[in-house]
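Undergrad: Mind looking at a prediction? Sequence and model below.
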Amino acid sequence: MAQDDEMLNNWWDEAYSGPISFMRFPMSKDLQKADIAILGVPYDMGTTNRPGARFGPRAMREQSTLTGEYEYGLWPWDYHIAEHHTVIDYGDICNFAGYPERMVTELESAADTILENDTACFAMGGDHFVSLPLLRSHVKKHGSLALIHFDAHTDTWIDENYTHGTMFYHAVKEGLIDIEHSIQIGIRTPNPNTHDIEIIYATELDEMKAHEVSERIVKRVGNKKAYLTFDIDFLDPAYAPGTGTPVSGGPSVMTGRKILKGVAGLSIVGGDLVEIAPAYDPIGGITAVAGATLGGDILYLISEALRK
């Protein structure tokens, strides 16, 4: 990355100063030399309970000024992504307020543009429905993908409506997901419509070591290209109260991070982190802190796959 970049001049300032972008990567629309682009999707019209996830991307960026502060990288990763890849914050898609169908078109178009330039995409939601347009774009580029899905909900309800609980039903229906290589982790709500996707339920997860969970994921995905989606309500509300559909009985942030670190090496071509609704945090933006940290981990997984 060019050392005279204006953003880099402020990169290692205190967390409370300087420009706000995700992990202090430069804000840019120039995809010509970008290896990974970070895209915000401030949309929450697919929610079925508490709204507010449209403020998630902004909250993640703000809290990531600390997680991205160190020139040594994000602990416990032993390098900084910028040592190997050029990463940009591509900003947000917008101009769809009140028009869900317009969001789908805008998001697919933005993701298509990023991927057509051979740049990987990490997206910040927004509610979880945004994963469907993102999957469509990634499948255009890579073909049918394995889905690695962290969540308290399966989001596979059989319903022709577009909500944050139906998008993976539509993804299965559209042939976007390779079911035999897909897996959902942390599920703790009822839904009989699993569509034969492998599930690690929260009760089982609670009895497992993090590395055992990672090994299950790696075994299931194999050599298949994969898309990783992380709903922040995968975490217990003690760690992530700022979300629209919190469900008790989930794991800690550290458990989630260990699992993610353990799947490094899989061919993860893209991903997202969704459902942060910062207005429901009691104090300090704790859910966005978790999201900014886990989002950084997902960036590292994409970076690791690119290095392969």
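TA: Thanks, I have the structure now.

Undergrad: got the contact list for H195?
TA: By Cβ atoms under 8 Å, 6 or more residues apart in numbering, the contact list for H195 reads 156, 168-169, 172, 179. All C-beta atoms are positioned from the backbone trio N, CA, C, and that covers glycine.

Undergrad: Most neighbours of all these, which one?
TA: The residue in the contacts of H195 with the most neighbours, by other Cβ atoms under 10 Å, is F168 (28 neighbours).

Undergrad: Isn't it up against H153?
TA: No: the pair F168 and H153 fails to qualify as a contact (Cβ atoms under 8 Å) at a distance of 9.7 Å.

Undergrad: Okay, and which of the contacts of H195 map to helices?
TA: 168-169, 172 (DSSP state H).

Undergrad: quick check, nearest of these to I259?
TA: Distance to I259, by Cβ to Cβ, is smallest for F168 among those, at 19.4 Å.

Undergrad: what's the closest one in contact with, if anything?
TA: Contact analysis of F168 by Cβ under 8 Å, 6+ apart lists 131-132, 147, 149, 154-156, 177, 195, 197.

Undergrad: Filter those down to the buried ones and hand me the ChimeraX line.
TA: The ChimeraX selection below is limited to those of these classed as buried (16 or more other Cβ atoms under 10 Å):
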select :131,132,147,149,154,155,156,177,195,197
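
Undergrad: Output the contacts of F168 in TSV, with pLDDT appended to each entry.
TA: Shown next, in TSV, are these (pLDDT from 0 to 100):
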residue	pLDDT
S131	98
L132	98
L147	98
H149	98
T154	96
D155	94
T156	95
I177	97
H195	92
I197	96
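
Undergrad: out of the contacts of F168, which are inside helices?
TA: 131-132.

Undergrad: with the contacts of F168 in mind, which one is nearest to S109?
TA: L132 (14.4 Å).

Undergrad: where does the nearest residue to that closest one once chain neighbours are set aside land on pLDDT?
TA: Sequence neighbours aside, M167 is the residue nearest to L132 in space, at 3.9 Å (criterion: Cβ to Cβ, 6 or more residues apart in numbering). Per-residue confidence (pLDDT) for M167: 95.

Undergrad: Give the burial count for M167, as a bare number.
TA: 25.

Undergrad: Assess the claim that it and S131 are in contact.
TA: Yes: with contacts defined as Cβ under 8 Å, M167 counts as touching S131 at a distance of 5.5 Å.

Undergrad: ok, which stretches of this structure are helices?
TA: 56-67, 100-116, 131-142, 167-173, 202-207, 210-221, 253-262, 286-307.

Undergrad: how about the ones you listed in CSV, adding distance to I88?
TA: Shown next, in CSV, are the helices of the chain (distance: least, Cβ to Cβ, whole Å):
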stretch, distance to I88
helix 56-67, 13
helix 100-116, 10
helix 131-142, 17
helix 167-173, 26
helix 202-207, 35
helix 210-221, 27
helix 253-262, 22
helix 286-307, 12
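
Undergrad: Out of those, flag the one nearest Y90.
TA: Nearest of those (Cβ to Cβ): helix 100-116, 6.7 Å.

Undergrad: Run the chain-centre distance for that closest one.
TA: 16 Å (Cα atoms, centre = their mean, to the nearest Å).

Undergrad: Summarise which helices and strands it is packed against.
TA: Here helix 100-116 touches strand 36-41, strand 120-125, helix 131-142, going by 3 or more Cβ pairs under 8 Å, 6 or more residues apart in numbering; DSSP states H and E.
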